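# Sequence first, predicted coordinates after that:
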Amino acid sequence: MFKPLLATTALVGSMLFLVPGAQAFDWDGPYVGGVVGVVNSTGTIDWTFSNFEFPGDPVTGTFEFSGLGALAGVTAGINFRLDDKLLVGIEGDASAAWLKNSGSIGEGEFFVGEFEEELRSLLTLRGRFGVLTNNDNTLFYVTGGLAGGNVKASAFLADEFSEDEPEAASMSGFVVGIIGGVGVEHAIKQNLTVKAEVLGYSLGSLDGTGYAGKGDSTATYNPAGIILRTGINFHF
């Protein structure tokens, strides 16, 4: 279901920049707006399985997630014109996210693993630095700063020869990390701009402990992803 959304987001973002620019657009000052887009997970879970009956080196591995989700939210920021062509600013946004992925592994014949992740929300606070072109109607910029997200994950490792009931290592909470990327914003009429940007984020890790039937299981979830989104801003 997310492939059509990805194509639509890219198409809308590109079409918006074909709209003629506003004349004498004033970039200085505050603005508010909204964003919508897709997020591709690049998160991982580092897992460990220790068997009580065979002490020694534990079995370890890393599971890599992949899959698309959606996000939508609101934006607020402020711009400061440095000179004729340079601009700096501060921007923050809060988005609801709908990203769920799962997968499994089979290690030989003695245990299997099942993994899940979920991103429920994403907040960012970033600086922006850009260059104005096209009669000052178009801004190309780089952006970076802090990100925080409400995430959830689990790692279920089960010993296939155990009669005990395994318990998954579960992890959830709000974690903080970094985000950065590039974008372009274009004035389409007085006080109104549209934008498209690509962002990469990496959030703080979460640890969990479970029981695999004949030994402990531990997991560390590392949420990360790439965002492609478009937005519209109203400048005061």
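Thanks, I have it. Numbering: from 1, shown residues only.

# Let me know the helix or strand that residue 112 is in.
When secondary structure is defined by DSSP states H and E, residue 112 falls within strand 111-133.

# Point out the other helices and strands that that strand packs with.
Taking 3 or more CB pairs under 8 Å, 6 or more residues apart in numbering; DSSP states H and E as the contact definition, the neighbouring helices and strands of strand 111-133 are strand 29-41, strand 44-49, strand 59-64, strand 68-81, strand 86-107, strand 138-159, strand 169-189, strand 192-203. Backbone N, C-alpha and C define where each C-beta goes, glycine included.

# quick one, it and strand 29-41 angle?
Following axes from the mean of the first three to the mean of the last three CA atoms, to 10 degrees, one obtains 150 degrees for the angle between strand 111-133 and strand 29-41.

# what are the pairing partners of strand 111-133, and which direction each?
Strand partners for strand 111-133, identified by DSSP bridges, are recorded as strand 86-107 (antiparallel), strand 138-159 (antiparallel).

# if we can go back for a sec, reformat the helices and strands packed on strand 111-133 as TSV; add mean pLDDT, mean neighbour count and distance to residue 230.
As requested, those are exported to TSV (pLDDT from 0 to 100; neighbours: other CB atoms under 10 Å; distance: least, CB to CB, whole Å):
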stretch	mean pLDDT	mean neighbour count	distance to residue 230
strand 29-41	98	19	6
strand 44-49	94	22	28
strand 59-64	92	14	28
strand 68-81	97	18	11
strand 86-107	95	16	13
strand 138-159	96	21	15
strand 169-189	97	18	10
strand 192-203	97	20	5
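
# between the ones you listed, which one is nearest to residue 235?
Closest to residue 235 of these is strand 29-41 (CB to CB; 4.3 Å).

# give me every residue that touches residue 34.
Contacts here follow CB atoms under 8 Å, 6 or more residues apart in numbering; on that basis residue 34 touches 72-75, 231-232.

# Recalculate using a threshold of 7 Å.
The neighbourhood of residue 34, defined by CB atoms under 7 Å, 6 or more residues apart in numbering, consists of 73-75, 231-232.

# What's opposite it in the beta bridge?
When residue 34 is checked against DSSP bridges, its beta-bridge partners turn out to be residue 74, residue 232.

# Residue 126 is nearest to which of the helices and strands packed on strand 111-133?
strand 138-159 (3.5 Å).

# by how many degrees do that closest one and strand 169-189 diverge?
Interaxial angle, strand 138-159 versus strand 169-189 (the same axes, to 10 degrees): 160 degrees.

# start the count at 26, not 1, going forward
Renumbered: residue one is now 26, and that last one reads strand 163-184.

# how about the helices and strands packed on strand 136-158 in TSV, adding distance to residue 143?
Supplementary listing: those in TSV, determined by distance: least, CB to CB, whole Å:
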stretch	distance to residue 143
strand 54-66	10
strand 69-74	13
strand 84-89	15
strand 93-106	9
strand 111-132	5
strand 163-184	4
strand 194-214	8
strand 217-228	13
